[in-house]
Structures are given as structure tokens and as C-alpha cells.
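Peer 1: take a look and give me a structure for this.
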Amino acid sequence: MSGRRRGETPPGAAPPPAEYEFVDDLSGIGGVVDGLGSSPGPIAVDVERASGIRYSERAFLLQLRIPGEPAFLVDPETPGRTVGPLADVLSSRPLLFHAASQDLPSLRELGIRPTAVVDTELAGRFLGIERVNLGAMVSEHLGIGLAKAHSAADWSRRPLPRAWLDYAAYDVLFLHELADEVLPRLDALGRREWFEAECRYLVESEPARAAPDPWRRLSRLSSLRDPRQLARARELWMARDRVAAERDIAPKRLLPDAAIVEAARIGPTGRHALLAIDGFDGPQRRRLTGEWLAALEWADGLGREDLPSRQGPPADHPPHASWKRNEPDAAALLDIARETIGALADDLGLEQGLLLKPSTLRLWVWRAAMSSPADDAELLADVLREEEARRWQVELTAEPLLEAVHRFRTEG
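Peer 2: Below you'll find the predicted structure:
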């Protein structure tokens, strides 16, 4: 294993100077459309966001390239947040990504809905490559060292510094060459079909449904035991989310989770007591003291029938961390199923999560542990269909999982 520290440039030759055209107004979009139209192949695409800084995951820069040409860097922060006819072009052509799942939601917000994608990171995972970030793969397969100096930058900043634009261009300048190196290796392993099925799933699957109670994802919420405390946490979370959306700032940047949970635990009723809690300090947060106190007052005025429960909304099964204590059969089957999928993944040189989502495995285990042995095959088929497992996943995992549940029932 490499001893290189996180953030260091991977080994390899220095890249050539970044060649690109920066377009920051709609009048230049026509030139981008014409330039991309000179090649019929996939368009390399990357997106820069301001994660952890702005409220949404929207795109603040699009990087685009066709083979053999400089990149186009397009600023989508135009009036109305539109990229004009470029959206139609990118929706009608195959797009080449590295980690498409991260960028597709941001593109959809701009009206870009590709019908076909190729993902070099996903190809790396199917090849069993240990480090699949772009810098590592470009270093290993192309012998070029790409620095990741600005990966956490505030891409909502304007004007964008030249060094940042250079960095952004490199995210697409080598994608076609990288694809040419790694995709044929999928054929050699007989995994091209698996890869293409996953790429299709990326564009065909619906966005994940929003959690019914998103405030329950607060860090360390489980430390609150009383329903009144949970109500305070909920109302503070809702106030934070509303203000964050209005000000276009990441919620946790506005107010940390730890501050919300501590205020919910204590229940301060005055400005001095609230500001004494770590995390409510600072000029901007002080100016919002009235918002936070109003949320706490509302929570404290609720009747007991309006307080949230500790359990939360109904789920498919209890948290699996509690199974050993409350449902030992489900816990035992889960251990066997994980061991089975782990051994299969090791044999194939793949990560377990690529074979089957952990949540899918847990759902099947829970239902199987509560069902009759006669239902095992049908139950597994139902769960895999419900969880949208791809055919290649079903073909690889169904028989081993049925053998695992058979072993569980005979040994139990």
C-alpha cells in the first residue's frame, strides 16, 4: 500500500499545459455547441460544485471535451441558470464521466438528461482496481500525475481564479485516453456486459426518494431520549434548513449538528443561555438567535400528542445493529449472508457493494428470517426485483444466497 499522504500528487510525468476555452455567458454557448459537434463520439463531462458551502449540489462549472480538442469550461451561473441549446446537445450524445453518479443530479438540474453514459471510475471498480479516483487511475494507466489542489474549493466564487480553471480542465482532458486504456480490459475479463448494465442503470434509475423525516439524520440524535428533546431538534433542524435555503448556504455551515443536539438536550429559553452553547457563537449565528429561540419555544409548546416518537417512521426492518439483541435468527443469517457475498466478491476481485447493496442484503435477510423455508426462492427473487438488482447481479448472487439460507436453516 502506498504511503503517500492524502492530497499529494500521484506519481507520473507532469501534465502538458491545460488547453481550454472558458465561456461565462450565453453568447458563447453557440461556439461550444459547434465545437462539440465536430466529433460524433462521447463527450467527456465533469461538474464542479460548492459542496459544504452552498445549500444545493448545483453545478457551478461544466467541463466538456471531445477527443483531440481543447476543453470547454462553461459557467452555468447565467441569468435563469440555463446553458441554452447545450442542454439538448448533452442530452442527445453519449457522455463520458469519471464518477457519473456524483454529477448526474447536478446536470439534471440544468435540464441535461443523458440517455447513455460511460464511466471510467465504474470501469475501474469492475476491474478490481484498488484506488479508482481520477488522479490515481490517470497516474497508473497514463503515467501522468494530476494534482488535486482545488477539489474542495468554493466553486461558487466569482471570478474563478485561473489556477482553478486549469485544474478543472484536467478533469476532462485525459478521460478519453483513460477510457481507451481501461475499457478493453473489461472485455478481457468478460465484464463488459456487467459494466454496460450499470451504466444504463445510472441513466434510467429514478433519483432516490427523500427521507420522510430528514431531521432524524442529525449526528448524535440517538443521544436524545425524551420526545420533547426530539421535538426541539426537529424544529431547530427545520429552522436551519429554511434559513440555509434562503441564504444559499450549506446547513451545517450555518449551524453544526452538534449545536442543535445540545440545544435540544438543554432547552435554553433565553438568548444568554443559547449563546453559551458551543456552535451558536459568531456574528452571523448571533443575528439568528431569534430564529433559534422561536423554534425552541414552538417545540416546548407542543402537546404530547404532537411530539415525535423515538422510533421514527415505519421502516422495512429494525436497525440491524439491534438484531443480535432482539432478533438473533436474523443476526445469524446476516452473518452467513455477508460471509457468502464477501467470499464471492473476493473470488471475483470486486468490492462487496458492487455485487449487492448492503441495504438489499439486509432487507432480504430480515424477510427470510421471518418467513417459511418454502418461500426462500420466491422471496429472494421478489427482493432483488424490488431493489432493482441488475441481471448480472442476480445471476451471480442468487444461488449463493439460497445456499446460505439453506445452511442457516439446517445448522440452526
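
Peer 1: quick check: closest non-adjacent residue to Ile266.
Peer 2: Ile277 (6.8 Å; C-beta to C-beta, 6 or more residues apart in numbering). Using the backbone N, CA and C atoms, a C-beta is placed for each residue, glycine as well.

Peer 1: tell me the SS of that neighbour?
Peer 2: What DSSP: H, G, I helix; E, B strand; the rest coil gives for Ile277 is coil.

Peer 1: got it, and Glu69?
Peer 2: Under three-state DSSP, Glu69 comes out as coil.

Peer 1: ok, so what distance separates it from Leu350?
Peer 2: Plainly put, Glu69 is 35 Å away from Leu350 if you go by C-beta to C-beta, to the nearest Å.

Peer 1: burial check on Arg158, number of neighbours?
Peer 2: Counted with other C-beta atoms under 10 Å, residues neighbouring Arg158 total 9.

Peer 1: that one is in contact with Glu77, isn't it?
Peer 2: Yes: assessed by C-beta atoms under 8 Å, Arg158 is found in contact with Glu77 at 7.2 Å.

Peer 1: pLDDT value on Arg5, please?
Peer 2: On pLDDT, Arg5 comes in at 47.

Peer 1: going forward, count from 47.
Peer 2: Happy to do that; since the first residue is 47 now, the last one works out to Arg51.

Peer 1: hmm, who's touching the helix or strand harbouring Asp233?
Peer 2: Remark: Asp233 resides in helix 221-235, with elements defined by DSSP states H and E. Helix 221-235 is contacted from outside by 87-88, 90, 92, 111, 113, 142-144, 164, 166, 169-170, 172-173, 183-184, 187-188, 238, 241, using C-beta atoms under 8 Å, 6 or more residues apart in numbering.

Peer 1: now, of those residues, which are buried?
Peer 2: Among the contacts of helix 221-235, those classed as buried by 16 or more other C-beta atoms under 10 Å are 88, 90, 92, 111, 142-144, 164, 166, 169-170, 172-173, 183-184, 187-188, 238, 241.

Peer 1: pull the helix holding Asp233 out as CSV, backbone CA atoms only.
Peer 2: C-alpha atoms of helix 221-235 as CSV (Å, rounded to 0.1, in the frame of the first residue of the first chain):
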residue,chain,number,x,y,z
LEU,A,221,-10.8,11.0,-19.9
HIS,A,222,-10.9,9.7,-23.5
GLU,A,223,-7.4,8.3,-23.3
LEU,A,224,-8.2,6.7,-19.9
ALA,A,225,-11.3,5.1,-21.4
ASP,A,226,-9.3,3.7,-24.3
GLU,A,227,-6.9,2.1,-21.7
VAL,A,228,-9.4,0.6,-19.3
LEU,A,229,-12.5,-0.4,-21.3
PRO,A,230,-10.7,-3.1,-23.4
ARG,A,231,-9.6,-4.7,-20.1
LEU,A,232,-13.3,-5.3,-19.3
ASP,A,233,-13.6,-7.4,-22.4
ALA,A,234,-10.6,-9.4,-21.4
LEU,A,235,-12.3,-10.3,-18.1
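
Peer 1: what sits up against the helix or strand just after it?
Peer 2: Next along the chain after helix 221-235, taking DSSP H and E as the criterion, comes helix 238-250. Helix 238-250 has contacts (C-beta under 8 Å, 6+ apart) with 146-147, 150, 159-165, 168-169, 172, 229, 232, 434, 436-438.

Peer 1: at 7 Å instead, please
Peer 2: 146-147, 150, 160-165, 168-169, 172, 232, 436-438 (C-beta atoms under 7 Å, 6 or more residues apart in numbering).

Peer 1: so which of those comes closest to Glu308?
Peer 2: Ser147 (34.3 Å; C-beta to C-beta).

Peer 1: name the element Glu67 belongs to?
Peer 2: Going by DSSP H and E, Glu67 is part of strand 66-69.

Peer 1: no, scratch that, I was asking about Glu292
Peer 2: Counting by DSSP H and E, Glu292 is part of helix 273-293.

Peer 1: could you list the low-pLDDT ranges of the protein?
Peer 2: The model of the chain has pLDDT under 70 over residues 47-54, 458.

Peer 1: outline the domain layout of the chain.
Peer 2: What automatic domain parsing lists as the domains of the chain is 66-250, 260-352, 366-457.

Peer 1: most tightly packed of those?
Peer 2: domain 66-250 (a mean of 18; mean count of other C-beta atoms under 10 Å).

Peer 1: start to end distance for that one?
Peer 2: Terminal residues of domain 66-250 are spaced 31 Å apart (C-alpha to C-alpha, to the nearest Å).

Peer 1: can you give me the helices for the stretch 347-458 of the chain?
Peer 2: 369-372, 374-394, 398-401, 404-415, 422-432, 437-457 (DSSP state H, counting those that start in this stretch).

Peer 1: over to the stretch 47-196 of the chain?
Peer 2: Under DSSP H, counting those that start in this stretch, the stretch 47-196 of the chain gives helices at 75-82, 132-138, 146-155, 166-172, 180-188.

Peer 1: and Pro365, which of the ones you listed is closest to it?
Peer 2: helix 146-155 (25.4 Å).

Peer 1: from the chain's centre, how far out does that closest one sit?
Peer 2: Mean C-alpha position of helix 146-155 versus that of the full chain (C-alpha atoms, centre = their mean, to the nearest Å) differs by 10 Å.

Peer 1: packing partners of it?
Peer 2: Helices and strands touching helix 146-155, by 3 or more C-beta pairs under 7 Å, 6 or more residues apart in numbering; DSSP states H and E, are strand 89-94, helix 238-250.

Peer 1: what's the closest of those to Glu308?
Peer 2: If we rank the helices and strands packed on helix 146-155 by C-beta to C-beta, the stretch that ends up nearest is strand 89-94, at 34.3 Å.

Peer 1: quick check: closest non-adjacent residue to Arg436.
Peer 2: Ala243 (4.7 Å).

Peer 1: roughly how far does the one you found sit from Gln439?
Peer 2: From Ala243 over to Gln439 (counting by C-beta to C-beta), the distance is 9 Å.

Peer 1: check Asp212 too.
Peer 2: 40 Å.

Peer 1: with Trp240 instead?
Peer 2: 8 Å.

Peer 1: same check on Ile306?
Peer 2: Ile306 is 39 Å from Gln439, by C-beta to C-beta.

Peer 1: re the thing from before, name the surrounding residues that touch the strand holding Glu67.
Peer 2: With C-beta under 7 Å, 6+ apart as the criterion, strand 66-69 contacts Ile75, Val78, Pro116, Ala117, Phe118, Leu119, Val120, Asp121, Leu211, Ala215.
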